[in-house]
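K.L.:
Here is the input, now give the coordinates:
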Amino acid sequence: MYMKDGEPVDKHADQKLLYSLWKELFILDIQFKFVGPDIVDTRIGKMNYAQLSEDSKSCNKAERLEKLVAEYQPDIVLLDIVKCDDTLKSDYSKSWASVITDMLQANSNVKIILSKTGLGSEYVSHIAGLPMTSGMPSNDRILWVDSNITFESVHKKQFSDNKSNETCVVGEKAKVWADGITRLVHKTTKAYTPQIYSYKAIAEGDSLTLHVFEDRKLKTASVKPAIVFFFGGGWSYGTPLQFYRECSYYASKGYVAIAVDYRINFLHHTTPFHSFDDAKDAIRWIKKHAQELHVDSTRIVAAGASAGGQLAAALGTVSNISEGDTESYIPDLLLLYYPVIDNSPLGYGPKLMKDNYQKISPLHNINSKTPPTLLLVGTKDQYVPVETCEAYKAKMDSLGIDCELHLFEDLGHPLFLYREPLTSIFYEIRKYTDAFLQKHGYY
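P.N.:
Down below sits the predicted model:
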């Protein structure tokens, strides 16, 4: 649980901080979930935290903190204490000592990571009667970190020109908090370390990236099949990190596995048509740079979940005739996880998409060049009805193209939540995926 004391956080900075912290922990493959009564919208959707500025009185704040710890039972609390006037620091720190002691008593298992930003090292000894020891645990339940980071304190680092001062500061703060958590859970080695390639320049000097996983220790052919993942989120939210687990796994099996970042409405105020343009450009870039990436350009698998599944499916169904780039974006195999494949007025998508569904709806563009397809969906999916999937398969069957449809009984949309601890469904999806890849000679 991330708890912020003081004035409500600037929503823009808060979005970046919580997402950046989530990203740092996800890369470490730490199983976690943010909890709390307050919500902020981020690029991966809504995230929970606790804002403590509703009442400045320490007694009321202490009562609120105790209730939060008792109600949510967090394993770790990140307590970000606001800066205060130097003349008040001594009394302020003493009051926090009482508050934190009560928190520890309210939950005998909770551990607290405490920012000394608002206190200053000369006053932190008041907190629970424990001295601060330069970032090391004061005891087995309290850890001090210094999140008092300004742009000046990180300016010597090499940041790209298109990153704002705020982005730099927020990123460094997230790393400080993540470092504290890793010390408490004793996990400090990054699980995921992809190579990042820019494949497309967009507005304001920014660019879209490919997150490329390859196990170069494997003794395989000089070129490998590629599996390219597109994240879900309704073309409005999402992150390529959604498929880091899958990318790491398939890289270990001899693939070049790639997670694609593409434009989304939350960040770029774009439509699904922009997202599809990015998906096409990503595949084209991969083919043009196949030698550099060690990719067999004749064996490219497109995969995706939900809206990302729609993008993957559209790559294999929507014709690229009359486009300026002569490089084909059509993949050789499709892996579709609960994909929103019907974008007609009766299907899923924003009005702009439905009004122009013939240009982008996979169900309505299946053709003789559509690749073999694996389709996984829950029987209670509110966005992808079983009947729609059966109609998709029937069209594929009529053209003599392999289309496997597997239904997950009583499951909805999505089949599992990638932001929460994994369930057996994750591994069942992998089982079907592996079997389909093997069936088509990709193992």
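K.L.:
C-alpha only now, for contacts and for neighbours.
P.N.:
Will do.
K.L.:
how far away is the closest residue to Arg263 other than its chain neighbours from Tyr432?
P.N.:
Among residues not flanking Arg263 along the chain, Ser275 sits closest, at 5.4 Å (Cα to Cα, 6 or more residues apart in numbering). Separation of Ser275 from Tyr432 (Cα to Cα, to the nearest Å): 27 Å.
K.L.:
ranges for the strands of the stretch 301-443 of the chain?
P.N.:
333-337, 373-378, 403-408 (DSSP state E, counting those that start in this stretch).
K.L.:
strands paired with the second one, and their directions?
P.N.:
Pointing back at strand 373-378 there. strand 333-337 (parallel), strand 403-408 (parallel) (DSSP bridges).
K.L.:
Can you show me the CA trace of it as PDB?
P.N.:
What follows is strand 373-378, C-alpha atoms only, in PDB (Å, rounded to 0.1, in the frame of the first residue of the first chain):
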ATOM      1  CA  THR A 373      -5.100 -19.200 -35.900                       C
ATOM      2  CA  LEU A 374      -5.400 -20.300 -32.300                       C
ATOM      3  CA  LEU A 375      -8.400 -18.700 -30.600                       C
ATOM      4  CA  LEU A 376      -8.800 -18.900 -26.800                       C
ATOM      5  CA  VAL A 377     -11.900 -17.300 -25.100                       C
ATOM      6  CA  GLY A 378     -14.000 -17.800 -22.000                       C
END
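K.L.:
Do I have it right that Trp401 meets Asn367?
P.N.:
Not quite, residue 401 is Ile, not Trp. No: look at Ile401 against Asn367 with Cα atoms under 8 Å: they stay out of range, at 9.5 Å.
K.L.:
Give me the distance from stretch 169-186 to the chain's centre.
P.N.:
Its chain's C-alpha centre and that of stretch 169-186 lie 17 Å apart, by Cα atoms, centre = their mean, to the nearest Å.
K.L.:
same thing with stretch 419-429?
P.N.:
15 Å.
K.L.:
Give the residue spans of the protein that score low on pLDDT.
P.N.:
Where the chain drops to pLDDT under 70, the residues are 6-13, 53-62, 82-98, 116-139, 147-168, 188, 320-325.
K.L.:
need the helices for it, in chain order.
P.N.:
11-27, 58-72, 89-106, 151-154, 165-185, 244-252, 265-268, 272-288, 290-293, 307-317, 351-355, 386-398, 424-439 (DSSP state H).
K.L.:
Could you figure out how far the first one is turned away from helix 165-185?
P.N.:
What it means is helix 11-27. 40 degrees (axes from the mean of the first three to the mean of the last three Cα atoms, to 10 degrees).
K.L.:
Any chance you could list what contacts helix 11-27?
P.N.:
Helix 11-27 is contacted by residues 40-44, 47, 166-167, 170-171, 173-175, 177-178, 190-193, 241 when judged by Cα atoms under 8 Å, 6 or more residues apart in numbering.
K.L.:
Over to stretch 292-301?
P.N.:
So stretch 292-301 is contacted by 222-228, 256, 286-287, 290, 331-335, 442 (Cα under 8 Å, 6+ apart).
K.L.:
please redo it, this time with the cut-off set to 7 Å
P.N.:
Stretch 292-301 has contacts (Cα atoms under 7 Å, 6 or more residues apart in numbering) with 222-228, 256, 287, 290, 331-334.
K.L.:
any chance of those in CSV, plus distance to Thr388 and neighbour count?
P.N.:
Below are the contacts of stretch 292-301 laid out as CSV (distance: Cα to Cα, whole Å; neighbours: other Cα atoms under 10 Å):
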residue, distance to Thr388, neighbour count
Ser222, 41, 9
Val223, 37, 18
Lys224, 34, 23
Pro225, 30, 21
Ala226, 28, 32
Ile227, 25, 26
Val228, 24, 28
Val256, 32, 26
Lys287, 32, 21
Ala290, 35, 17
Pro331, 22, 28
Asp332, 23, 19
Leu333, 20, 24
Leu334, 17, 28
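K.L.:
Tabulate those in a markdown table, adding columns for distance to Val110.
P.N.:
Shown next, in a markdown table, are the contacts of stretch 292-301 (distance: Cα to Cα, whole Å):
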| residue | distance to Val110 |
| --- | --- |
| Ser222 | 50 |
| Val223 | 49 |
| Lys224 | 47 |
| Pro225 | 46 |
| Ala226 | 44 |
| Ile227 | 41 |
| Val228 | 40 |
| Val256 | 41 |
| Lys287 | 50 |
| Ala290 | 49 |
| Pro331 | 49 |
| Asp332 | 50 |
| Leu333 | 47 |
| Leu334 | 45 |
